[in-house]
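Engineer: Here is the input, now give the coordinates:
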Amino acid sequence: MLCGTVINNRTNMHFADHLSPTDPAVNEWVNTRAQRNIGQGFSPDHAQSISLHSLSSIVMNGATTMAFSDTFYLLMVCFLLTVFLVPLMKKPRV
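Structural biologist: Numbering: from 1, shown residues only. Now for the predicted structure:
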């Protein structure tokens, strides 16, 4: 449950970090892809929509990858903390 929450929150954070309508690189990428789609016979509105969907998919894949990386890092830290705490445990009575 905790891992799912971390993955969800980190995916949303990474996704929001990379898309900005004022970023010239984003606008250039969308316009280039839209022109390519118009050249393939799509209407300008539909070509723009396809380009935005493609960009969203690419960024979501990257954000999800980074979120899983963050989660595995968190699990590693928890595991290492546990390993260092094991010697402090009391021995059980026999």
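
Engineer: How about residues contacting the helix or strand of the chain with the lowest mean pLDDT?
Structural biologist: One helix or strand of the chain scores below all others by mean pLDDT, DSSP states H and E: helix 2-18, with a mean of 87. Here helix 2-18 makes contact (CB atoms under 8 Å, 6 or more residues apart in numbering) with 59, 60, 62, 63, 64, 66, 67, 68, 70, 71, 74, 75. The C-beta positions use only the backbone N, C-alpha and C, and glycine is treated the same way.

Engineer: Give me the buried positions along the helix or strand just after it.
Structural biologist: Going down the chain from helix 2-18, the next helix or strand is helix 24-39, by DSSP states H and E. Across helix 24-39, burial judged by 16 or more other CB atoms under 10 Å covers 26, 30, 33, 34, 37, 38.

Engineer: could you give the angle of the following helix or strand past helix 24-39 to helix 2-18?
Structural biologist: Once the chain leaves helix 24-39, the next helix or strand it forms, by DSSP H and E, is helix 44-85. Comparing the axes of helix 44-85 and helix 2-18 via axes from the mean of the first three to the mean of the last three CA atoms, to 10 degrees yields an angle of 130 degrees.

Engineer: Could you pull up the residues touching the residue nearest to the spatial centre of the chain?
Structural biologist: Residue closest to the mean C-alpha point of the chain, counted by CA atoms, centre = their mean, is residue 63 at 1.1 Å. If a contact means CB under 8 Å, 6+ apart, then residue 63 has 11, 12, 14, 15, 17, 18 as its contacts.
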